[in-house]
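Asker: sequence and computational prediction follow.
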Amino acid sequence: MDKNRYAWIRPVAGTFEEVATRVRQELQQQGFGILTEIDLATTFKNKLNVSWPRTLILGACNPPLAHKAMTADADVSVFLPCNVVIRETDGKTIEVAAINPEVLGAIMQNDRIGSVAGDVAARIGKVLDALTTA
């Protein structure tokens with residue numbers, strides 16, 4: 001993964017539903033729960049009458065790590081939860097994209113946040129690795 005990018009993006013084999021299920025499972029394995037789910041295609045269709053490829057944004061949270069980050073700097077809350085996106089790119093290819101938490105550490109210039117971001121990055125990296133090696 002490119003550590004300098006704000007997002008990590010991986011193609012993942014399977015149907016949209018299969019990939020979404022696997023993403024949820026892998027996030028859970030790394031201690032993340034899903035706080036929010038946003039179906040962009042349905043929202044854009046209902047609110048704008050615009051067609052959009054299937055795109056699901058999962059708001060993932062690891063409560064112990066979120067607490068640790070909030071203790072270090074309460075303003076980190078504007079970056080929570082971590083977004084993980086499942087999207088169709090051409091009607092048949094599925095990508096999973098996730099925020100690069102280490103960018104957050106650099107933005108906030110706080111060593112304690114940087115430490116938590118490193119832990120989150122390692123966990124998100126494991127999720128993406130598991131999705132692409134299965």
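Answerer: Sure thing, it's come through. Keep in mind it's a predicted model, so treat the numbers as computed, not measured.
Asker: show me where the chain has strands.
Answerer: Per DSSP state E, the chain carries strands over the ranges 7-12, 33-39, 55-61, 82-88, 94-99.
Asker: run the chain-centre distance for the second one.
Answerer: Chain-centre distance of strand 33-39: 10 Å, with Cα atoms, centre = their mean, to the nearest Å.
Asker: report the beta-bridge partner residues of residue 60.
Answerer: Applying DSSP bridges to residue 60 yields these beta-bridge partners: residue 34, residue 82.
Asker: my read is that it contacts residue 82, right?
Answerer: Yes. Between residue 60 and residue 82 there is a contact at 4.8 Å, judged by Cβ atoms under 8 Å. C-beta coordinates here come from the backbone N, C-alpha and C atoms, glycine included.
Asker: common neighbours of those two, please.
Answerer: Common neighbours of residue 60 and residue 82 (criterion: Cβ atoms under 8 Å, 6 or more residues apart in numbering): residue 32.
Asker: what is the least confident helix or strand in this protein?
Answerer: Lowest on mean pLDDT, DSSP states H and E among the helices and strands of the chain sits helix 101-108, with a mean of 85.
Asker: what are the buried residues along that helix?
Answerer: Across helix 101-108, burial judged by 16 or more other Cβ atoms under 10 Å covers 101, 102, 103, 104, 105, 108.
Asker: contact partners for residue 35?
Answerer: By Cβ under 8 Å, 6+ apart, residue 35 lies in contact with 59, 60, 61, 81.
Asker: the spatially most central residue of the chain and residue 31, how far apart?
Answerer: The residue lying closest to the centre of the chain (Cα atoms, centre = their mean) is residue 84, at 2.1 Å. Counting by Cβ to Cβ, to the nearest Å, the gap from residue 84 to residue 31 is 14 Å.
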